[in-house]
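Undergrad: Coordinates only, no sequence provided:
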């Protein structure tokens, strides 16, 4: 069966993803990503498990939960077993099994990324998993301030760009080794907006620093965003109360460091949009750094 045929059978029979998971033994999130096209190259054993259920007479397996997905079944033998424990950004888990137990940091791919539980937030950068702890309230509020200002400006000026805030998956290198979730992003080429998230480099990105993300956002992501073709990158540092901006459109770009006072112009909009840094500072005053 093709993926399209499987999807049609699922819809005709009114199955939920959890029901299919029960019948096949395949995790519901894995099934969802296969049938919606997010997973481009599903494992053959997983497809076989789905086809065995969706291609059979409905009465032949109804009520036989996990018959096709447990015990000595091929799916369980061939499908990677996932550990839902988290790792830290600095960890190099030589002794930690995370995702496919046969892999180590630097070897993970989008297949491993998509197989993780939804509640486990990570970023994948060059095959390395980085844990993303739940953001603090101040982090969320600063993201809202910046995103809403940009979205309002685009709407008011009837622009073609689109603003998003995390969590949004961004396959920034268009390969299977990296998937990031910037705090705020702007896409002006709408063809990059796909069902799963964004495929390619956004025009504008914002990262709001925290203790766990500081090094990654200021070094690894800075280099990654520059090489991918991002036009402008902002880093908000609540602890030091500064904004660092990088205008990659300038040939000899240099970082501009601004105290959180007054306003900051957005270069991709020719400086016509200015974000209130006073409002960001007030957020830090209210909610802490």
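TA: Thanks, I have the structure now. A quick note: this is a predicted structure, and the numbers were derived from the prediction, not measured. Residues are numbered from 1 along each chain as shown.

Undergrad: Near residue 167, how many other residues are there?
TA: 12 (other CB atoms under 10 Å). Yep, even glycine has a C-beta here, placed from its N, CA and C like the rest.

Undergrad: In contact with the nearest residue to it once chain neighbours are set aside: list those residues for me.
TA: Spatial nearest neighbour of residue 167, excluding adjacent residues (CB to CB, 6 or more residues apart in numbering): residue 181 at 5.0 Å. Neighbour list for residue 181: 121, 123, 132, 166, 167, 168, 169, 170 [criterion: CB atoms under 8 Å, 6 or more residues apart in numbering].

Undergrad: Quick one, which of the residues you listed are buried?
TA: For the contacts of residue 181, a burial check counting by 16 or more other CB atoms under 10 Å picks out 121, 123, 132, 166, 168, 169, 170.

Undergrad: can you put those in a markdown table and add secondary structure, distance to residue 211 and pLDDT?
TA: What follows is these, written out as a markdown table (DSSP: H, G, I helix; E, B strand; the rest coil; distance: CB to CB, whole Å; pLDDT from 0 to 100):
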| residue | secondary structure | distance to residue 211 | pLDDT |
| --- | --- | --- | --- |
| 121 | coil | 16 | 86 |
| 123 | strand | 16 | 95 |
| 132 | coil | 13 | 87 |
| 166 | coil | 17 | 92 |
| 168 | coil | 23 | 94 |
| 169 | strand | 24 | 95 |
| 170 | strand | 23 | 96 |
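
Undergrad: List just the nearest of the residues you listed to residue 212.
TA: Of all the buried ones among the contacts of residue 181, residue 132 has the smallest distance to residue 212: 7.9 Å, by CB to CB.

Undergrad: Burial check on the spatially closest residue to residue 169 that is not a sequence neighbour, number of neighbours?
TA: Among residues not flanking residue 169 along the chain, residue 197 sits closest, at 3.3 Å (CB to CB, 6+ apart). Number of residues near residue 197 (other CB under 10 Å) recorded here: 18.

Undergrad: Quick check, residue 33 in contact with residue 39.
TA: Yes - between residue 33 and residue 39 there is a contact under CB atoms under 8 Å: 4.5 Å.

Undergrad: Find residues that contact each of those two.
TA: residue 114.

Undergrad: Give me the most central residue, this structure.
TA: residue 169 (2.8 Å; CA atoms, centre = their mean).

Undergrad: Quick check: that residue touching residue 198?
TA: Yes - when contacts are counted by CB under 8 Å, residue 169 is listed as touching residue 198 (7.1 Å).

Undergrad: Could you pull up the residues touching the closest residue to residue 165 other than its chain neighbours?
TA: Computed as CB to CB, 6+ apart, the closest residue to residue 165 that is not its neighbour in sequence is residue 147, at 4.3 Å. Contacts for residue 147 (CB under 8 Å, 6+ apart) come out as 163, 164, 165, 184.

Undergrad: Secondary structure, neighbour count and pLDDT added to the residues you listed, as a markdown table?
TA: Converted to a markdown table, these look like this (DSSP: H, G, I helix; E, B strand; the rest coil; neighbours: other CB atoms under 10 Å; pLDDT from 0 to 100):
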| residue | secondary structure | neighbour count | pLDDT |
| --- | --- | --- | --- |
| 163 | strand | 21 | 98 |
| 164 | strand | 20 | 97 |
| 165 | strand | 18 | 96 |
| 184 | strand | 27 | 98 |
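
Undergrad: which of the residues you listed lies closest to residue 6?
TA: The closest of those, once distances to residue 6 are taken by CB to CB, is residue 164, at 29.9 Å.
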